[in-house]
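K.L.:
Give me a model of this one.
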Amino acid sequence: MLVIAMETGSGGRVRWAGRRHDDGRLDGSSGVSPAELFDAVFHALHDGEQVALGLDCALTMPVAPDQAPASANASAGADALVTLAESAASRPGLAELGYLLGELGTWRPWTTVSTSLARWKANTSILVWQAVPAPGAGTVTASAAADSFFHQLPAASAQRTEPADEANGTVVNLAAATARRAGLFVDPSELARPTVSITVTGRRR
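P.N.:
Presented below is the predicted three-dimensional model:
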C-alpha cells in the first residue's frame, strides 16, 4: 500500500509526500510536480499496490435543489453531476488530481478509483480521501496527513465511515467526478456522496 497526501497551501505549488506500509520513514517519497506524482502512483499500481491519495482541499461541493439531477436515468444523473463539478476542476489540488487521473486514463485505463473506504478495501486501485485538520489546528502538512491515514485506518475500517443515505443528492463528489471525466471507472453512486475523510492529528514522535 502506498499512501500519498497533497498539500495545496504551498504558495501556488502543490507539494506531496507519502510512504509505503512497510516503510517507517514519514517522507518515503515526495515531490512538487504532477509528473513526479504520476510516476510514483503509476509505478505503485504497476507493482500491484493499492494507492490512497489524500488532498487537503474540499472534495465535495453543495448542490442547490434546483441543480440536482432530476433524471431517473442513473447514467444521465451521473453525467449531470460531472458537469456541475467542472467549475471546480481548476482549483489547486483538483487540477493536479485531474492531471494524474487523466494520465492514468491514457496509460492505465482499467484503473478503478473510489472515494469509499469499503470499496477501496475490496481491491480498488486508488482511494481518494480528504485530509481534514484537527479542531484548532493550522494548515495540514502532507507528511502528517499520510501518517494520520496509517494510524487511523484500522479504526476507520472498524466503524461506519461512509456518509448517510440522506446525503445522497445534496452534494457532488469532486474527486469522483474528476475520475469519471478522466475515463476511469468510479461507482456512479459515489458522485452524490462525500469522500471518506481522515482527521490529521500531527506527526508521530
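
K.L.:
which parts of the helix or strand containing Val3 are buried?
P.N.:
Using DSSP states H and E, Val3 sits within strand 2-10. By neighbour count with 16 or more other C-beta atoms under 10 Å, strand 2-10 contains the buried residues 2-9. Where you see a C-beta, it was placed from the backbone N, CA and C, and this is true even at glycine.

K.L.:
Among those, which has the minimum pLDDT value?
P.N.:
Least confident entry in the buried residues of strand 2-10, by pLDDT: Gly9, with 68.

K.L.:
Against which helices or strands is the longest helix along the chain packed?
P.N.:
As assigned by DSSP state H, the longest helix anywhere in the chain is helix 142-158. Helices and strands touching helix 142-158, by 3 or more C-beta pairs under 8 Å, 6 or more residues apart in numbering; DSSP states H and E, are strand 2-10, strand 13-20, strand 51-55, helix 117-121, strand 126-133, strand 197-200.

K.L.:
picking that back up, same for the strand holding Val3, what does it pack against?
P.N.:
Contact partners of strand 2-10 among helices and strands, from 3+ C-beta pairs under 8 Å, 6+ apart: strand 13-20, helix 34-46, strand 51-55, helix 142-158.

K.L.:
just flag whichever of the ones you listed has the lowest average confidence.
P.N.:
Mean pLDDT across those is lowest at helix 142-158; the value there is a mean of 79.

K.L.:
hmm, back to that, from the buried residues of strand 2-10, which is closest to Pro62?
P.N.:
Pro62 lies nearest to Thr8 out of the buried residues of strand 2-10, by C-beta to C-beta, at 19.8 Å.

K.L.:
Just list the residues touching that closest one, thanks.
P.N.:
Contacts for Thr8 (C-beta atoms under 8 Å, 6 or more residues apart in numbering) come out as 14, 55-57, 92-93.

K.L.:
For those residues, which single residue is the most surrounded?
P.N.:
The most neighbours of any of these, using other C-beta atoms under 10 Å, belong to Leu55, which has 28 neighbours.

K.L.:
beta partners for it?
P.N.:
Met6, Gln130 (DSSP bridges).

K.L.:
What are the neighbouring residues in contact with it?
P.N.:
By C-beta under 8 Å, 6+ apart, Leu55 lies in contact with 5-6, 8, 93-94, 97, 128-131, 175.

K.L.:
Now distance to Leu153 too, for the residues you listed, in CSV please.
P.N.:
Output for those, formatted as CSV (distance: C-beta to C-beta, whole Å):
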residue, distance to Leu153
Ala5, 13
Met6, 18
Thr8, 23
Gly93, 21
Leu94, 24
Leu97, 21
Val128, 15
Trp129, 10
Gln130, 15
Ala131, 13
Ala175, 18
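
K.L.:
right, and Phe42 touches Thr106 too?
P.N.:
No: using C-beta atoms under 8 Å, Phe42 is not in contact with Thr106, being 10.6 Å away.

K.L.:
which one of the two has more residues nearby?
P.N.:
Each of Phe42 and Thr106 has its neighbours counted (other C-beta under 10 Å); Phe42 has more, 17 against 10.
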